[in-house]
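Asks: What follows is a predicted structure for the sequence shown.
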Amino acid sequence: MVELYTQSTLLERGWTKKLIADFAPEPDAVKTNPFFKKAAPMKLYAEDRITQIEQSDEFINAFHTAKGRKKAAQKAVYTKKTALLNLIDQIEIRIADDPNIQNHAIASYNDFHEEMGHYDYEPARKTSDFHFLERITVNYARHNLTRYDSLID
């Protein structure tokens, strides 16, 4: 019996979609996906053919090149993420103590929904659910009392 690999198996083995397209563009078999009937058919690759491809000098060189690109891309993502986290650490957010902040949040929430034409929404009130009021108050503070939106841009 011939052992067959799925595309997912090849990816787990370190192949990339480009390597598959370059070295095994045609699958050895195509079968209906047993897990999701409406999904695209599964492409299957014979183990012996894949092993033979993986042992070729051309594939080994392409595999190592792809691995290097993947590593470089991961490093770039890490560098960008680190820079963003450093920027976030430098952001100072101060909100003045305002005893009416919840009233402002309720008004802002209701005004927004009325302006947007959302007539089927539940208006905010002082008697609304505590967690809901807490959430809209935090949102109000973030969008109206800080430079949040300009910093995100």
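Replies: Arrived safely, thanks for sending. What you see is a predicted model, and the numbers here were worked out from it, not measured in a lab.
Asks: residues touching the closest residue to residue 43 other than its chain neighbours, list them.
Replies: Distance criterion CB to CB, 6 or more residues apart in numbering; nearest residue to residue 43, sequence neighbours excluded, is residue 27 at 3.7 Å. Yep, even glycine has a C-beta here, placed from its N, CA and C like the rest. The contact partners of residue 27, taken as CB atoms under 8 Å, 6 or more residues apart in numbering, are 43, 44, 45.
Asks: The second one is in what secondary structure piece?
Replies: Taking DSSP states H and E as the definition, one finds residue 44 inside strand 42-46.
Asks: Can you tell me the SS state at the residue nearest in space to the middle of the chain?
Replies: With distances taken as CA atoms, centre = their mean, the residue of the chain nearest its centroid is residue 77 (13.0 Å). Here residue 77 is recorded as helix under DSSP: H, G, I helix; E, B strand; the rest coil.
Asks: Return the distance of the worst-scoring helix or strand of the chain on mean pLDDT from the chain's centre.
Replies: Sorting the helices and strands of the chain by mean pLDDT, DSSP states H and E puts helix 148-152 at the bottom, at a mean of 73. The chain centroid and the centroid of helix 148-152 are separated by 21 Å under CA atoms, centre = their mean, to the nearest Å.
Asks: thinking again about what came up before, state whether the residue nearest to residue 43 is indeed within a helix.
Replies: No - counting by three-state DSSP, residue 27 is not found in a helix; it is coil.
Asks: From residue 63, how far out is it?
Replies: Per CB to CB, to the nearest Å, residue 27 is found 19 Å from residue 63.
Asks: Over to residue 143?
Replies: Distance from residue 143 to residue 63, by CB to CB: 49 Å.
Asks: which residues of the chain fall in helices?
Replies: Assigned by DSSP state H, the helices in the chain fall at 7-12, 17-23, 47-54, 57-90, 101-115, 130-144, 148-152.
Asks: for those helices, which one sits closest to residue 36?
Replies: The closest approach between residue 36 and any of those, judged by CB to CB, belongs to helix 7-12 at 13.0 Å.
Asks: The closest one - what's its average pLDDT?
Replies: For helix 7-12, the mean per-residue pLDDT is 95.
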